[in-house]
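>>> Sequence and computational prediction follow.
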Amino acid sequence: MIAFLSLILTIILYWGAKRCYRLKPKVYLSPLLTAPLLIVALLVWTDTPYDSYQAGAKWLSDMLEPATIAFAVPLYKYFHILKKHAAEIIVSVLSGSVAAIVSSLFIARLLHLNMQIVDSLIPRSVTTPIAMGVSASIGGVPAITAVFVIMTGLLGSVIGPMVIRWLRIENDIARGVLLGTAAHGAGTSKAFEFSPITGTISSLSMILAALMTLGVAPWLVPVLAGVF
Amino acid sequence: MATLLKSAGQVILLCAFSLLLHKLVDFFQLKIPASILGILIVFILLQAKWIRLDWIEAGAQWLLAELLLFFIPSAVGIMKYKSVLLSDGVYVTLVIVVSTVIVMASAGLVAKKIGEKKERTPLP
C-alpha cells in the first residue's frame, strides 16, 4: 500500500512541481529540487523509511533505462548536425570528461575528504547507471555516487546558464557540449530549453562523456592517485 | 486519445526492449551498460531503415519530456545518507560546484574555440 502511494504521490508532486515551474521558471522551483524536498519532508513527517518509499518509486527509476535509450531518436533526427561538428564535439567532451576526473580528485583530496567519498565523487558528471558502474570499479560506493550524480545534475542545471553567460558561449554546439558533459540528463533537459539543437548536442555529449569516463576513469584514477 | 494510446504503446515497446537488453548484458556479462548499448542499437536500426522513426518517436519524446520524473526517487535517496551529508555535505557540495564549473569551462571553451576557428577558415 505504501509502495503504491509512493508511486502515485511522486507522480502527482512531480506534475504539480512541473506546472509551478512552467508558471514561474526560476531555478529554485526546478521540479528536481521541489518535488524531492516535498517528498523527503513528507517521509520524515510520517516516519516512513526510505526503503518502503523506494519499493514503489523504483518503478520510476527503472524508467531511466528506456528513457536513456530514447535518446537514440534525437540522435538519429539531428545526425547531420552532429556529423558536421564531430571533431569539436569529440575533442571538447573528452577534455571535459578528463577535467571532471582530475578536478574532482584534486579538489576532494585538497579538502581531505575520505577516500571512499572521493572515489564516489569522481564519476558524478555522467548518467546514473554508468556513474554507478564506474564508481564500483574504482572503489567508490555506487549508492552514494547516485546521490552525487543527482546533486551534480541539479547544481549543474543552475550553474550551466551562468557559466554560459560569463564565458559568452553563444553557439548551440558549445552550449550543448557544456551542459551534456558536465550535467548528464538534467543538463540535457536544461539544454532543450535553449533550443532543440542544443538539447540534441547535449544528449550526444552526455552519451559520449559516459563512454569516455567508462574507458578512461579505471586507469586514470590510479595514476592520478599516485600523483596527488 | 489515439495519439495517447500510440505513445503509451511505444513507451511499453521501449521498456520491453530495454528489459531484454538488460537480460542479455547480464547473461553475457558485457562491460557496456544496457542503456548505452540500447542507444547504439536503436540508432543503427534507424539508420539502416530496419525500423521506422514513427514506430518509436512519440514514445521516445514522451520519455525524454518526463526525464526529470525518473530522477526523483534517487534524489529522495539523499535522506538515506544524512550522516555523510551532515559531516561532509559542505565540502562535497564545494567539490561538485567547483569541479562542475571547471568541466563546463573546459568543454564549453574548447568547443567555442574550435567553432570559431572553423568559421574563420572557409571550406575548400
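The structure has been received and is ready for your questions. Residues are numbered from 1 along each chain as shown, chains lettered A, B, ... in the order given.

>>> quick one, what contacts residue B:67?
Taking Cβ atoms under 8 Å, 6 or more residues apart in numbering or on different chains, we find residue B:67 in contact with A:67, A:185, A:188, A:189. Placement of C-beta: from N, CA and C, glycine included.

>>> Looks like the first one contacts residue B:64 (just checking).
Yes: Residue A:67 sits in contact with residue B:64 when judged by Cβ atoms under 8 Å, with a separation of 6.6 Å.

>>> which of those two has more neighbours?
residue A:67 (25 against 20; other Cβ atoms under 10 Å in any protein chain shown).

>>> That one - nearest residue in space that isn't next to it in sequence?
residue B:63 (4.2 Å; Cβ to Cβ, 6 or more residues apart in numbering or on different chains).

>>> For the host helix or strand of the one you found, buried residues please.
Assigned by DSSP states H and E, residue B:63 belongs to helix B:53-65. Of the residues in helix B:53-65, those buried by neighbour count under the rule 16 or more other Cβ atoms under 10 Å in any protein chain shown are B:56, B:57, B:58, B:59, B:60, B:61, B:62, B:63, B:64.

>>> Now do the helices in chain A.
A:2-23, A:31-45, A:50-62, A:64-69, A:72-77, A:79-84, A:86-110, A:115-121, A:128-138, A:142-166, A:172-194, A:196-227 (DSSP state H).

>>> which helices and strands does the first one pack with?
So that's helix A:2-23. helix A:31-45, helix A:50-62, helix B:67-76 (3 or more Cβ pairs under 8 Å, 6 or more residues apart in numbering or on different chains; DSSP states H and E).

>>> and the last one with helix A:2-23, angle?
Direction vectors for helix B:67-76 and helix A:2-23, defined by axes from the mean of the first three to the mean of the last three Cα atoms, to 10 degrees, enclose an angle of 120 degrees.

>>> and the angle for helix B:67-76 with helix A:142-166?
130 degrees.

>>> Could you pull up the residues touching the residue in chain A that chain B sits nearest to?
Residue nearest to chain B within chain A (Cβ to the nearest Cβ): residue A:96, separated by 3.0 Å. Applying Cβ under 8 Å, 6+ apart, we find residue A:96 in contact with A:125, A:177, A:178, A:181, A:182, A:205, A:209, B:103, B:104, B:106, B:107, B:110.

>>> Just give me the neighbour total for the third one.
Counted with other Cβ under 10 Å, the burial measure for residue A:178 works out to 36 neighbours.

>>> That one touches residue B:111, doesn't it?
Yes: at 7.2 Å, residue A:178 counts as touching residue B:111 under the criterion of Cβ under 8 Å.

>>> who touches both of the two?
Joint contacts of residue A:178 and residue B:111 (Cβ under 8 Å, 6+ apart) are residue A:169.

>>> Quickly compare the helices of chain A and say which is most buried.
helix A:172-194 (a mean of 29; mean count of other Cβ atoms under 10 Å in any protein chain shown).

>>> related to what we said a few turns ago, nearest to residue B:97, of the helices and strands packed on helix A:2-23?
helix A:31-45 (15.0 Å; Cβ to Cβ).

>>> on that earlier part again, could you redo the helices of chain A as a markdown table and give each row mean pLDDT?
Below are the helices of chain A laid out as a markdown table (pLDDT from 0 to 100):
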| stretch | mean pLDDT |
| --- | --- |
| helix A:2-23 | 93 |
| helix A:31-45 | 91 |
| helix A:50-62 | 91 |
| helix A:64-69 | 88 |
| helix A:72-77 | 88 |
| helix A:79-84 | 86 |
| helix A:86-110 | 95 |
| helix A:115-121 | 92 |
| helix A:128-138 | 83 |
| helix A:142-166 | 91 |
| helix A:172-194 | 94 |
| helix A:196-227 | 88 |
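
>>> ok, stretch A:108-119 near chain B or not?
Yes: for stretch A:108-119, a contact with chain B is found by Cβ under 8 Å from any Cβ of the partner chain, at A:108, A:111, A:113, A:114, A:117.

>>> hang on, the earlier thing: show the model's pLDDT score for the residue nearest to residue A:67.
We have a pLDDT of 92 for residue B:63.

>>> for it, what are its contacts?
Residue B:63 neighbours (Cβ under 8 Å, 6+ apart): A:63, A:66, A:67, A:70, B:11, B:14.

>>> Residue A:60 versus that one, what's the distance?
Note on residue B:63: its distance to residue A:60, by Cβ to Cβ, to the nearest Å, is 12 Å.

>>> that older thread, give me the nearest residue to the residue of chain A closest to chain B, chain neighbours excluded.
Residue A:96 sits nearest to residue B:107 (Cβ to Cβ, 6+ apart), 3.0 Å away.

>>> Mind putting the helices and strands packed on helix A:2-23 into JSON lines with distance to residue A:84?
Shown next, in JSON lines, are those (distance: least, Cβ to Cβ, whole Å):
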{"stretch": "helix A:31-45", "distance to residue A:84": "32"}
{"stretch": "helix A:50-62", "distance to residue A:84": "36"}
{"stretch": "helix B:67-76", "distance to residue A:84": "26"}
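
>>> So for residue A:102, which of these sits nearest?
The nearest among the helices and strands packed on helix A:2-23, by Cβ to Cβ, is helix B:67-76 at 25.7 Å.

>>> tell me the angle that closest one makes with helix A:128-138.
Here the directions of helix B:67-76 and helix A:128-138 differ by 40 degrees (the same axes, to 10 degrees).
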